[in-house]
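Here's my sequence, what's the structure:
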Amino acid sequence: QVQLVESGGGLVRPGGSLRLSCAASGGTLASYPIGWFRQAPGKEREGVACISSRDSSTHYADSVKGRFTISRDNAKNTVSLQMNSLKPEDTAVYYCAADPDWQLCVLSISTYKYWGQGTQVTVAS
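Numbering: from 1, shown residues only. Prediction:
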């Protein structure tokens, strides 16, 4: 069973950048579609970005298009989420997740079986 660990969260000012990383043990991330999700206080968890295993195609939530970029580093067995032009509304706990059943990714929480513990991102001045 693959285990996921997120890192790279922190406090950043509006307009700043952060790079989140999702590392795996017990499995190869290149074999799975990987999704990044986030959950703000009092809100439901939502999909942010995902990358497929078949062709590394990507999908983004409308709220982050043009600001966030998801990518793989297969040599390091990691998936990263580069977040630029951060806004206070991006504040949330960010989770990465792996889908063992498909090759193309979707931003649907229910399709992901393996989840990390999350990393806090706070955007505030």
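
Going by C-alpha atoms from here, please, whenever you check contacts or count neighbours.
Will do.

what's near enough to touch the most centrally placed residue in the chain?
Centroid check for the chain by C-alpha atoms, centre = their mean gives Trp36 as the closest residue, at 2.2 Å. Applying C-alpha atoms under 8 Å, 6 or more residues apart in numbering to Trp36 gives the contacts 47-50, 81, 94-97.

just Gly35 next, same as before
Contacts of Gly35 by C-alpha under 8 Å, 6+ apart are 47-51, 96-98, 105-107, 112.

same check, this time on Gly10
When the contact criterion is C-alpha under 8 Å, 6+ apart, the partners of Gly10 are 18, 119-122.

Quick check: beta-bridge partners of it?
Val121 (DSSP bridges).

quick one: which of the contacts of Trp36 is nearest to Val5?
Cys96 (7.8 Å; C-alpha to C-alpha).

Pretty sure the closest one sits in a helix.
No: secondary structure of Cys96 (DSSP: H, G, I helix; E, B strand; the rest coil): strand, not part of a helix.

That one against Gly116, yeah?
Yes: proximity of Cys96 to Gly116 meets the contact threshold set by C-alpha atoms under 8 Å, at 5.7 Å.

Between those two, which has more neighbouring residues?
Set Cys96 next to Gly116 and count neighbours by other C-alpha atoms under 10 Å: Cys96 wins out with 31 against 20.

Read off the pLDDT value for that one.
If you check Cys96, the pLDDT there is 98.

Repeat that for Gln1.
So Gln1 comes in at 84 (pLDDT).
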